[in-house]
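Asker: sequence unavailable; structure follows:
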């Protein structure tokens, strides 16, 4: 008798069942991982932009600002000015307001993170000594469903720090 290579029907059904179980476990975890990475990227991008603005203010010996990319835009029923992104700019024409072409760095979010400044401020200004005009705090969440998010605090000296223990309710 000649031996045949291949799978039996039972072996194939067991392999498909195991694959289905693995997919059922992996897909929700993958979704959580993608959402968590989006939130982490938004928080890290904000901290990087604030540190860059502080560094540029000291280097240029002038005021450098960080502004919400979409001031006044409502998202999900709440003000989410910073959720579309933000830009770091230097007031080259000294008019005290952002003018197109003054940006030093633009950060646009490619995911749907909610980035809310807790006092609803849309501009932070770093002076030439590296100090900020007022302390602030940001909540960075994916949505307001009770999942944990990140908090970005800006001290009175202008130094940003992050905290991962934020409850996004």
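Answerer: Yep, that arrived. On a predicted model such as this, the values are computed, not experimentally measured, just so you know. Numbering: from 1, shown residues only.

Asker: can you give me the strands in the chain?
Answerer: Counting by DSSP state E, the chain has strands at residues 64-68, 74-75, 78-79, 85-90, 103-108, 114-117, 123-126, 136-141, 148-154, 160-167.

Asker: tell me the contacts of residue 69?
Answerer: Applying Cβ atoms under 8 Å, 6 or more residues apart in numbering to residue 69 gives the contacts 81-82, 84-87, 106-108. C-beta coordinates here come from the backbone N, C-alpha and C atoms, glycine included.

Asker: repeat that for residue 38.
Answerer: Taking Cβ under 8 Å, 6+ apart as the criterion, residue 38 is in contact with 111-113, 142.

Asker: ok, back up a step: if any of the contacts of residue 69 are buried, give me the ChimeraX selection for them.
Answerer: Per 16 or more other Cβ atoms under 10 Å, the buried members of those correspond to this ChimeraX selection:
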select :81,82,84,85,86,87,107
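
Asker: what's the most distant pair in the contacts of residue 69?
Answerer: Spanning the widest gap among these are 81 and 106, at 15.1 Å by Cβ to Cβ.

Asker: distance of residue 59 from residue 69?
Answerer: In this view, residue 59 and residue 69 are 23 Å apart by Cβ to Cβ, to the nearest Å.

Asker: ok, back up a step: okay, the contacts of residue 69 in a markdown table with distance to residue 47 next?
Answerer: Shown next, in a markdown table, are the contacts of residue 69 (distance: Cβ to Cβ, whole Å):
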| residue | distance to residue 47 |
| --- | --- |
| 81 | 18 |
| 82 | 13 |
| 84 | 18 |
| 85 | 14 |
| 86 | 12 |
| 87 | 15 |
| 106 | 16 |
| 107 | 11 |
| 108 | 16 |
